[in-house]
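**Student:** Sequence below, structure please.
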Amino acid sequence: PPPPKKTFFDIYFKVVETLTLLFPVWTVLLQGIAFCRPDAFNWLSASPIKVGKRTLPVDLYSAFLMVIMFSMGTTLTFQDFESIRSSAYPIGVAFALQYGLTPLLGFLIGRFLSEPLAIGLMVLACCPGSQASNVACFIAGCDLPVSILMTLASTMMSGIMTPLLLWSLLRLRSPSAFDCLGMAAKVVKVTLAPIFTGLLANQYLPQVTAKIKPISLLIM
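**Tutor:** Take a look at the predicted model:
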């Protein structure tokens, strides 16, 4: 019999899968552009978005992060939170390294750098892990659910841990004031709220998120 005719979504899913597997290529390509032409990314700024005469209460950089967090939320269910118990040991180790060892190394290395570089390194060291680890696990065929749960656990606690760690470490390096509560509110707005929105969409609008999920790993 003749092979079944491919539908639009069959082609769509195949294209997204191929683009996702090429993640290392996109990473190297964008890093090369950023290194050679950093001004090429000036459009991705932290300035508020302006639509006509109106100024939206969000910047383009935060908007991109919110889309990434929403995409992550569409891959989650309420049962995933229960699954954390069964993977408590690897998640606990990853959490301790993420919010213990990494900030400490960032602070110690920063002692040998100028103040702007040291502060930037400490901010990076105190932030939760990137979604790129999930993509790497997907490509390598590793335990993707555990990787996602690790990312979920560190991201869920980022509203508390990241501002607290930065407040503790930055005041040892720089006497300037640090708005701990302001950063916590920003983290909740940019990360936690979009994740829970995606989670609720996946729970109550599965037909919609079923079309989004294949591209979620590409976005993340």
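**Student:** mind listing what's buried in the longest strand along the chain?
**Tutor:** Counting residues, the longest strand found in the chain (DSSP state E) is strand 54-59. Of all the residues in strand 54-59, those buried under the rule 16 or more other Cβ atoms under 10 Å are residue 59. For the C-beta atoms, the positions are set from N, CA and C on the backbone; glycine is no exception.
**Student:** Residue 142 belongs to a strand?
**Tutor:** No: counting by DSSP: H, G, I helix; E, B strand; the rest coil, residue 142 is not part of a strand but coil.
**Student:** Return the residues in contact with it.
**Tutor:** Applying Cβ atoms under 8 Å, 6 or more residues apart in numbering to residue 142 gives the contacts residue 136.
**Student:** and it, what are its phi and psi?
**Tutor:** Note on residue 142: backbone dihedrals following degrees, to the nearest 10 are phi -80, psi -170.
**Student:** now the one 3 residues further on
**Tutor:** Dihedral angles of residue 145 (phi, psi; degrees, to the nearest 10) stand at phi -60, psi -40.
**Student:** Check residue 50 too.
**Tutor:** When read as degrees, to the nearest 10, the backbone of residue 50 gives phi -110, psi 130.
**Student:** Which strand residues bridge it?
**Tutor:** Beta-bridge partners recorded for residue 50 (DSSP bridges): residue 55.
**Student:** remind me, longest helix of this protein?
**Tutor:** In the chain, assigned by DSSP state H, the helix with the most residues is helix 158-173.
**Student:** and the helix or strand just after that one, what does it pack onto?
**Tutor:** Proceeding C-terminally, helix 158-173 gives way to helix 180-187 as the next helix or strand, assigned by DSSP states H and E. Counting contacts by 3 or more Cβ pairs under 8 Å, 6 or more residues apart in numbering; DSSP states H and E, helix 180-187 is packed against helix 158-173.
**Student:** Convert the longest helix of the chain to CSV, retaining C-alpha atoms only.
**Tutor:** What follows is helix 158-173 as a C-alpha-only set of coordinates in CSV (Å, rounded to 0.1, in the frame of the first residue of the first chain):
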residue,chain,number,x,y,z
SER,A,158,15.0,31.1,42.7
GLY,A,159,12.6,33.8,44.0
ILE,A,160,14.1,33.2,47.4
MET,A,161,17.6,31.8,46.9
THR,A,162,18.9,34.1,44.2
PRO,A,163,18.1,37.5,45.9
LEU,A,164,19.2,36.1,49.3
LEU,A,165,22.5,34.9,48.0
LEU,A,166,23.2,38.1,46.1
TRP,A,167,22.3,40.2,49.1
SER,A,168,24.7,38.1,51.2
LEU,A,169,27.6,38.0,48.8
LEU,A,170,27.4,41.4,47.1
ARG,A,171,27.5,43.4,50.3
LEU,A,172,30.9,41.6,51.1
ARG,A,173,32.3,43.0,47.8
